[in-house]
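> what's the 3D shape of this:
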Amino acid sequence: MDSPPIVISRDEVKRVLRYIDLIPRLESALAIFSRKNSLEIIQPLRSVIPLSKYNGFLGLMPTYMEQEGILSTKMVCFYKREDGSTLPSTQATVLLFNPEYGNVKAIIDGEVITAMRTAAASAISAKWLMPAQAEVLAILGTGNEALSHYNVFTEIFTFKEVRVWSRTRERAEAFSRSVAGPVKVCVTVEEAVKDADAIVTVTRATQPILFGKWIKPGAHVAAVGACRPDWRELDDELMREAVVYVDSREGATTESGDVILSGATVFAELGEVLNETRPALREKTTVFKSLGLGIEDAVSAKLVLERWEATE
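Numbers count the residues shown, from 1 in each chain. Below is the predicted model:
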């Protein structure tokens, strides 16, 4: 146990991590999490330390999955950036430990892990909750998470049209040029989401930008931004009229401004749908409020280490 930890860079994570491998691991982890068996998963709520000088936060996300033999912690700094800022909105690192000895086995760059596991969880929600004949995808936001969501949604689903909106047309047009397929650039949020079957919100918004009056009945919204109790992306009408699914009830009622400030009722965890203990109401308008779980980082990091070792 005296050997130094393996250090896996962002480029190496990007090289070895694939959605086709990641999605089944996440589905299994989310299902286990929602069984609430304390012997299977120990995952406290994210601890958050304010970085007031820099308008940001440090989040600590430890996880122990006993049967899988995974002990990990993600450390993530996230910030409320001003429009036009060139500084990153998130930076993350994942540590994998040997649970028996307690030593660090691997130090893994967490940027790609965070983007891909978040997008994969949204895609899992869409697989169960999106209209069966979905044709139009709208993405609100143009950062790293927007790109990862575009990649996974176009990899596992078939859409006739993909739309994108950003606060500036320049960023939306740059996003459309950066992806492989055709993307329609929209000037307003309303234009982007009109008649859309699936909507992804991955913005820096702290006040609602997506309003229920614009959503067609039966649409599915994967809401990823607004990870603080006083931040919003979705308005009260949408949150109260939609069927709301979350990754964690405890997390959503503690950390999600969209849930807390709207007074919305959480209908189910996504893991409960996977366990078939709560129904997937595909015919209804649905919201999946994603805050991110330590188990998602844990199984992703283990998968990265396995694939990295297999190629070395």
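
> any idea how far the least confident helix or strand in the chain by mean pLDDT is from the chain center?
Among the helices and strands of the chain, strand 41-42 carries the lowest confidence by mean pLDDT, DSSP states H and E, at a mean of 92. Relative to its chain's centre, strand 41-42 lies at 20 Å (Cα atoms, centre = their mean, to the nearest Å).

> ok, that strand: who's next to it in the sheet?
Sheet pairing here is set by DSSP bridges, and for strand 41-42 it gives strand 56-65 (antiparallel).

> which of the residues in the partner strand are buried?
Within strand 56-65, the residues that qualify as buried by neighbour count (16 or more other Cβ atoms under 10 Å) are G56, F57, G59, M61, P62, T63, Y64, M65. Every residue, glycine included, has its C-beta placed from N, CA and C.

> what's in contact with stretch 301-312?
Surrounding stretch 301-312, the residues in contact under the criterion Cβ atoms under 8 Å, 6 or more residues apart in numbering are 6, 8, 12-13, 16-17, 21-22, 25, 68, 70, 72, 74, 94, 96, 105-106, 108, 113.

> and the residue most central in space within the chain, which of the three is it?
For the chain, T118 is the residue whose C-alpha lies nearest the centre (Cα atoms, centre = their mean; 2.6 Å). Recorded secondary structure, T118: helix (DSSP: H, G, I helix; E, B strand; the rest coil).

> Repeat that for G225.
Here G225 is coil, with the state taken from three-state DSSP.

> quick one: contacts for the closest residue to it other than its chain neighbours?
Among residues not flanking G225 along the chain, T203 sits closest, at 4.6 Å (Cβ to Cβ, 6 or more residues apart in numbering). Listed by Cβ under 8 Å, 6+ apart, the contact set of T203 reads L140, G141, I209, G225, A226, E233.

> Redo these as a markdown table? Include distance to R81.
A markdown table is the format used below for the contacts of T203 (distance: Cβ to Cβ, whole Å):
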| residue | distance to R81 |
| --- | --- |
| L140 | 16 |
| G141 | 12 |
| I209 | 16 |
| G225 | 12 |
| A226 | 14 |
| E233 | 15 |
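
> Kind regards, and thank you for your time.
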